[in-house]
Every structure is written in structure tokens, then in C-alpha cells.
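1. need coordinates for the below:
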Amino acid sequence: MEALEAIKTRRSIRKFKPQDIPREIYRELLEAAMLAPSAGNEQPWQFVAIDDRRILDQIPLICPTAAMCRQSPLAILVCGDSRYERYPDFWVQDCSAAVENILLAAHALGLGAVWAGVYPMKDRIEGFRRLFALPDEITPFALIALGYPNEKPAPSKRYKEERVHYNQW
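-> Take a look at the predicted model:
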């Protein structure tokens, strides 16, 4: 899939077919994530790939906006790792870029995906820390539910000229 087509046709998918994702695809998604730009190229991220049905079913108890995990065969928890942070607080931008790369790679591979926010909600951060026994230097940032789409939302036109300013406000 061509890059601009992927950007223009990617939509959040919350309904999935009951079909497993081959493990080789996990690597493709995570490689795409790790190719994201980061401040000083520090790559301050860690990833938890979740395909255990028992764990996927627990996720909505921590993050109600991730109810689709009860249907998805895979979720990826994107986390910031303070050990790799040379520029304080830029890990949020870095992890955001990694999430977007996963979303676009998933779409290009024929998967559906949706980004569920975790950071900065303290209850979600602590819930994921407990569920996955994350060390103190790891901060859960976002959860991406993935699967083969069982819905096809129409592409959306979102360009708004009135929000573009040239050379000054």
C-alpha cells in the first residue's frame, strides 16, 4: 500500500474477526514501531505483545476504552523507558510516533487497529503496571488492539483550511 493511501484510508477498527494473527506479523508491526523517529534517536520505548486470551479479557477492567480487546487476538502495550531518555519528557512524542507507525503498518498489512489511551491517566498506568509487573522505569503509554477487521468505516475527510496558518497566526 502506498504511504499516502495508507494515511488517508486508515481508520480506527473496534470489531475483529475471530482469526489469529501469525506471529511473523507481530515482528513486522514492532519493527515498524521501532523505525519511528525519536529525540536524539534514543528510542525510549518497550513493547508488550499480548495474545493470551485471559489477559486480553482483563484489559477492559483497567482501560474501559479498550473493550474491543475482548474480541481482538492481539494487543500491543507501548511503554516509555526512562533509562533511554536523554531528553526529559520527549518519550511521550517518541512513543506517539511508534504508535502511529504500528497503526499504519497494521493497515498496510490488512489488519485493523485502534489506539486506546493509557498515559497520563494514573489509574490506567498503575493498572497496567500491576497486570504486567512493569518495573518502575517503565511507563505504560498506549494500548493498541489489533485483528482482522470485521467492519469497514468509510474514509474520513478531515482537512480544515481554517486551521492552517502561513508564516504567522
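2. the spatially closest residue to residue 137 that is not a sequence neighbour: neighbour count?
-> Leaving out its chain neighbours, the residue that sits closest to residue 137 by CB to CB, 6 or more residues apart in numbering is residue 82, at 4.6 Å. C-beta here means a position set from N, CA and C on the backbone, and glycine is covered the same way. Here the count is done by other CB atoms under 10 Å, and residue 82 has 13 residues near it.
3. isn't residue 82 up against residue 46?
-> No. Contact criterion CB atoms under 8 Å: residue 82 and residue 46 do not qualify, at 10.5 Å.
4. parallel or antiparallel, list what pairs with the longest strand along the chain.
-> Taking DSSP state E as the criterion, the chain has its longest strand at strand 138-147. Strand 138-147 sits in its sheet next to strand 74-81 (antiparallel), strand 112-117 (antiparallel), going by DSSP bridges.
5. out of these, nearest to residue 52?
-> Evaluated with CB to CB, the strands paired with strand 138-147 place strand 74-81 nearest to residue 52, the distance being 10.0 Å.
6. from the contact counts, what lies against the helix or strand that the closest one is followed by?
-> Sequence order places helix 91-108 as the next helix or strand after strand 74-81, per DSSP states H and E. Applying 3 or more CB pairs under 8 Å, 6 or more residues apart in numbering; DSSP states H and E, one finds that helix 91-108 makes contact with helix 3-9, helix 23-34, strand 45-50, strand 74-81, strand 112-117, strand 138-147.
7. for those, which has the smallest mean pLDDT value?
-> The minimum mean pLDDT among the helices and strands packed on helix 91-108 belongs to helix 3-9 (a mean of 94).
8. now do that helix: distance to the chain's middle.
-> Offset of helix 3-9 from its chain centre (CA atoms, centre = their mean, to the nearest Å): 17 Å.
9. hang on, the earlier thing: save the helices and strands packed on helix 91-108 as JSON lines, and put in mean neighbour count too.
-> Output for the helices and strands packed on helix 91-108, formatted as JSON lines (neighbours: other CB atoms under 10 Å):
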{"stretch": "helix 3-9", "mean neighbour count": "12"}
{"stretch": "helix 23-34", "mean neighbour count": "16"}
{"stretch": "strand 45-50", "mean neighbour count": "20"}
{"stretch": "strand 74-81", "mean neighbour count": "24"}
{"stretch": "strand 112-117", "mean neighbour count": "22"}
{"stretch": "strand 138-147", "mean neighbour count": "25"}
